[in-house]
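1. Model the following, please.
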Amino acid sequence: LIVTHLFSISRMFPSVRVKVRNLDPCQQYYIAMDVMPVDSKRYRYVYHSSQWMVAGNTDHSCISPRLYVHPDSPCAGETWMRQVISFDRVKLTNNEMDDKGHIILQSMHKYKPRVHVIRHDPRLDLSQIQSLPAEGVHSFSFPETEFTTVTAYQNQQITKLKIDRNPFAKGFRDPGRNRGVLDGLLESYPWRGPLSLDFKPFAIQLQGATLSYF
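-> A predicted model of the protein is given here:
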C-alpha cells in the first residue's frame with residue numbers, strides 16, 4: 001500500500017498518471033478523477049509487527065465524493081491519446097469543512113482513485129458540477145493505486161522515500177543521502193510491474209499497463 005500523508009491540504013503524491021487509447025479522435029472528452037473508500041473500516045498501524053490492522057468501523061456517508069476534472073478538459077480524443085495524462089495538481093485534505101473543492105479524505109482509512117473518461121455533452125458544463133453525469137461515462141480503477149491516509153507517517157522508510165522522491169519536499173532532502181535502500185524499496189512497489197488486459201474498442205493505460213473497457 002502507498003501511504004498518503006494528509007495535512008490540512010496537500011498534493012497527492014505519487015500522482016496518478018494514465019494514458020488512454022481508442023477514443024474517437026474528433027469527439028470531445030472530459031477526463032476526471034475521484035477517490036473512493038476501499039471499505040468501511042478504520043485502521044491502525046501495529047509497530048511491533050509492521051502491519052496495518054482493522055481498528056473499527058467507520059461511516060463515509062458524511063463525506064460526499066468530490067470530482068476533480070482535469071484542467072485540460074474538454075479536449076478532443078486525438079489530443080488526449082497523444083499525451084500522458086497527469087493528475088499532479090490534485091489536492092487532498094482531511095478538513096471536512098473544506099470549501100475549496102479539494103478531495104476530502106479521512107485519516108487512517110483505505111482509498112482507491114478512479115479515473116473517468118466522459119463524453120462531452122454540449123448541454124452540460126462538467127466543470128461546474130461535483131458529481132458524475134448519468135450517461136457517457138467510462139470509469140476505471142487499478143488495484144496498485146490503493147493507499148492508506150495518515151496524518152503522520154507510520155514507517156520511517158516511507159518517510160525517507162517520500163522526502164527523497166516528492167518534488168514538493170525539496171527542503172527536507174539531504175544531498176548526501178544514500179539512495180540505494182530507497183531505490184530498492186521503490187522498485188518493489190507494484191506500480192512497476194506490467195499488467196495487461198486488452199479488450200477493444202475502448203482502453204485506458206496506466207504506467208505501461210493496459211486495462212480496457214468493453
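
2. Point to the helix or strand of this protein where mean pLDDT is at its lowest.
-> For the chain, using mean pLDDT, DSSP states H and E, the weakest element among its helices and strands is strand 209-213, scoring a mean of 34.

3. quick one: the closest residue to Leu105 other than its chain neighbours from Tyr29, how far?
-> Closest residue in space to Leu105, ignoring its immediate chain neighbours: Thr149 at 5.0 Å, by Cβ to Cβ, 6 or more residues apart in numbering. Just so you know, the C-beta spots here come from the backbone N, C-alpha and C atoms, and that holds for glycine as well. To Tyr29, Thr149 is 29 Å away according to Cβ to Cβ, to the nearest Å.

4. who's more crowded, the two?
-> Counted by other Cβ atoms under 10 Å, Thr149 and Tyr29 do not tie: Tyr29 has more neighbours, with 24 against 19.

5. is it true that that one touches Val117?
-> Yes. At 5.8 Å, Tyr29 counts as touching Val117 under the criterion of Cβ atoms under 8 Å.

6. and for these two, which residues touch both?
-> Common contacts of Tyr29 and Val117 (Cβ atoms under 8 Å, 6 or more residues apart in numbering): Leu23.

7. helix or strand for Arg42, which one?
-> In this structure, Arg42 sits in strand 41-46 according to DSSP states H and E.

8. Return the list of helices and strands in contact with the helix or strand just after that strand.
-> On the C-terminal side of strand 41-46, the closest following helix or strand by DSSP H and E is strand 51-57. When contacts are defined as 3 or more Cβ pairs under 8 Å, 6 or more residues apart in numbering; DSSP states H and E, strand 51-57 packs onto strand 41-46.

9. Pull out the buried positions in the strand it packs on.
-> Residues Lys41, Arg42, Tyr43, Tyr45 are the ones in strand 41-46 that count as buried (16 or more other Cβ atoms under 10 Å).

10. Could you do stretch 123-136 as well?
-> Leu126, Leu132.

11. Quick one: mean pLDDT for that stretch?
-> Taken as a whole, stretch 123-136 carries a mean pLDDT of 77.

12. Contacts for the strand holding Arg42, please.
-> 51-58, 106, 108-110, 148, 150, 154-155.

13. Neighbouring strands - and their directions - for that strand?
-> Applying DSSP bridges, strand 41-46 is found paired with strand 51-57 (antiparallel).

14. can you list the residues that contact the strand it pairs with?
-> With Cβ under 8 Å, 6+ apart as the test, strand 51-57 has contacts from Leu1, Ser40, Lys41, Arg42, Tyr43, Arg44, Tyr45, Val46, Met108, Thr148.

15. wait, which of those is closest to Ser64?
-> Nearest to Ser64 among these: Ser40, at 15.8 Å, using Cβ to Cβ.

16. Let me know whether that closest one touches His109 as I believe.
-> No. Ser40 is beyond contact range of His109, at 9.1 Å (criterion: Cβ under 8 Å).

17. Now the common contact residues for those two.
-> Residues touching both Ser40 and His109 (Cβ under 8 Å, 6+ apart): Thr58, His60.

18. quick one, helices of the chain?
-> With DSSP state H as the criterion, the chain has helices at 77-81, 156-165, 180-187.
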